[in-house]
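Enquirer: Generate a structure from the sequence data that follows.
(one chain, ligands or ions: 1)
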Amino acid sequence: MIEVNNITKEFISAKKYPGFFGAIKGLFSNEKVIKKAVDNVSFSILDGEIVGYIGSNGAGKSTTIKMMTGILTPTSGSCMINGVNPSTQRKKNAKNIGVVFGQRTQLWWDLPLSETYSILKEIYQVKDIDYNNRIEFLNEVLNIGEFWDKPVRVLSLGQRMRADLGASLLHNPSTLYLDEPTIGLDVVVKDNIRKAIKEINSEYNTTVILTTHDIKDIEELCNRIIIIDMGKKIFDGSLKELKSKHGFYRRVKFEVKNLDKEYEKKLYKILKIINEEIKIEFDLEKNLFYVFFDKKCIQVTNIIKNVMSLVEVNDIVIQEEELSDIIRQIYKHKI
Ligand SMILES: Nc1ncnc2c1ncn2[C@@H]1O[C@H](COP(=O)(O)OP(=O)(O)OP(=O)(O)O)[C@@H](O)[C@H]1O
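Expert: Okay, here's the model as predicted:
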């Protein structure tokens, strides 16, 4: 179990001044600025959960993960990972965790993967029998045999990510931290990596903490998400809860006969009378348009009735707001 209690991280850096003379002034100034990257965040995660830890660029995700992995020490607050304090018991913590940074590799560039894995086996003191079983499993889920004897520098990005994920799992860690594990990968490789993460989680009950900007990673993998914004936790719950709490909007797609400029104006007028906040997007070439509205204030039947009184409708599709739309609104501080 992971317990994070009121964790805060402040970075102190020299104050920067704008322009050329500002840069010179900065050299002689002692003024400091304090940046609160993580601000009083608390949560607990049960064994076997897959949690998406998400937020916009600079929100404080990596800083939190670095405190949980023992790379950074919190300014205040504490965290315990399966009863181990990562800042004071770094080695003990490292034995129980696996970490993958999508943008970097922990593998030795010039060594064949097989040798890198052998070195990691020794570092983590994995017994021969456990190591052989692990390799067999990793080959099943990540197909590492395909590039087993190749040096890491010649691997494609997708192969390297599979190799990195495998390396982080050799010692069977109870907690796996994945920082953007599918970044830059094509859709097929992304799917394979997601499948592998699911299998690892269900086979070994591995707890997974995932930071990502890819909404599909979240939708397909996470039973829970924690959203962090400007260092503070602003949401902690399931995707269903997020949608019911923040998914106010509904979109109706109308495919009609002969949509022209004249109808566009009339439709615009009639829908704006129902509610000023309604948004409409026209695609005249395809004879279709989308109506966006707040489902709490307006009934979909009202929209459909008014549209049908004006134009002949071929098809109607009612869509709920997508998770990506909700998260975009949260990041823009609109909700
Ligand atoms: N070593 C540091 N010194 C000073 N400020 C830092 C340091 N590390 C991070 N920060 C600042 O703390 C804030 C949070 O950074 P962090 O890397 O945790 O964000 P993030 O959510 O992981 O962003 P991204 O999605 O872009 O990776 C940012 O404003 C960043 O500039």
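
Enquirer: Using PDB, write out the CA atom coordinates for stretch 153-173.
Expert: Below are the C-alpha coordinates for stretch 153-173, written out as PDB (Å, rounded to 0.1, in the frame of the first residue of the first chain):
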ATOM      1  CA  ARG A 153      21.400   1.500 -29.600                       C
ATOM      2  CA  VAL A 154      20.000  -0.300 -32.700                       C
ATOM      3  CA  LEU A 155      16.500  -0.900 -31.200                       C
ATOM      4  CA  SER A 156      13.500   1.000 -32.600                       C
ATOM      5  CA  LEU A 157      11.700   3.200 -30.100                       C
ATOM      6  CA  GLY A 158       9.000   0.600 -29.600                       C
ATOM      7  CA  GLN A 159      11.500  -2.200 -29.100                       C
ATOM      8  CA  ARG A 160      13.400   0.000 -26.600                       C
ATOM      9  CA  MET A 161      10.300   0.800 -24.600                       C
ATOM     10  CA  ARG A 162       9.500  -3.000 -24.400                       C
ATOM     11  CA  ALA A 163      13.100  -3.600 -23.300                       C
ATOM     12  CA  ASP A 164      12.900  -0.900 -20.700                       C
ATOM     13  CA  LEU A 165       9.600  -2.100 -19.300                       C
ATOM     14  CA  GLY A 166      11.000  -5.600 -19.100                       C
ATOM     15  CA  ALA A 167      14.200  -4.300 -17.300                       C
ATOM     16  CA  SER A 168      12.100  -2.500 -14.700                       C
ATOM     17  CA  LEU A 169      10.200  -5.800 -14.000                       C
ATOM     18  CA  LEU A 170      13.100  -8.300 -13.700                       C
ATOM     19  CA  HIS A 171      13.100  -8.200  -9.900                       C
ATOM     20  CA  ASN A 172       9.300  -8.500  -9.600                       C
ATOM     21  CA  PRO A 173       8.700  -5.100  -8.000                       C
END
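
Enquirer: if I look at the residue most central in space within the chain, how far off is Asn57?
Expert: Computing the C-alpha centroid of the chain and ranking residues by CA atoms, centre = their mean puts Thr212 first, at 2.3 Å. For Thr212, the distance to Asn57 equals 13 Å [CB to CB, to the nearest Å]. C-beta coordinates here come from the backbone N, C-alpha and C atoms, glycine included.

Enquirer: same check, this time on Gly77
Expert: According to CB to CB, Gly77 and Asn57 sit 23 Å apart.

Enquirer: which one of these two has more residues nearby?
Expert: The residue with more neighbours, out of Gly77 and Asn57, is Gly77; 17 against 7, by other CB atoms under 10 Å.

Enquirer: what does the one helix or strand the more buried one maps to contact?
Expert: If you go by DSSP states H and E, Gly77 is part of strand 76-81. By CB atoms under 8 Å, 6 or more residues apart in numbering, the residues outside strand 76-81 that reach it are 2-8, 40-42, 67-68, 85-86, 93, 96-97, 175.

Enquirer: Write a PyMOL command that selects only the buried members of those.
Expert: In PyMOL, a selection of the buried entries from the contacts of strand 76-81 looks like this (16 or more other CB atoms under 10 Å):
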select buried, resi 2+4+7+8+41+67+68+86+93+96+97+175
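
Enquirer: The ligand contacts on the protein?
Expert: 11, 13, 35, 37, 55, 57-63 (CB under 6 Å from any ligand atom).

Enquirer: Where does the prediction get shaky in the stretch 51-200 of the chain?
Expert: Filtered on pLDDT under 70, the stretch 51-200 of the chain yields no residues whatsoever.

Enquirer: And the helices in it?
Expert: Applying DSSP state H, counting those that start in this stretch to the stretch 51-200 of the chain gives helices spanning 61-69, 90-96, 113-123, 128-142, 157-169, 187-204.

Enquirer: Identify the residues contacting the third one?
Expert: In this case it means helix 113-123. Residues outside helix 113-123 that contact it (CB under 8 Å, 6+ apart): 107-108, 111, 126, 131, 135, 144, 147-152, 155, 163, 166-167, 170-171.

Enquirer: Filter the residues of the chain next to the ligand down to just the ones in strands.
Expert: 11, 13, 35, 37 (DSSP state E).

Enquirer: thinking again about what came up before, so which of the contacts of strand 76-81 belong to strands?
Expert: Going by DSSP E, the strands hold 2-8, 40-42, 97, 175 from those.

Enquirer: Which residue comes closest to Ser56 once chain neighbours are left out?
Expert: In this structure, Ser56 finds its nearest non-sequential neighbour in Tyr331, 4.2 Å apart by CB to CB, 6 or more residues apart in numbering.

Enquirer: mind listing what that neighbour touches?
Expert: Listed by CB under 8 Å, 6+ apart, the contact set of Tyr331 reads 55-56, 229.

Enquirer: could those residues go into TSV alongside neighbour count?
Expert: Shown next, in TSV, are the contacts of Tyr331 (neighbours: other CB atoms under 10 Å):
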residue	neighbour count
Gly55	25
Ser56	18
Asp229	17
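
Enquirer: List only buried entries from the contacts of helix 113-123.
Expert: Using 16+ other CB under 10 Å as the burial test, the contacts of helix 113-123 include 107, 126, 131, 135, 144, 147, 151-152, 155, 163, 166-167, 170-171 as buried.
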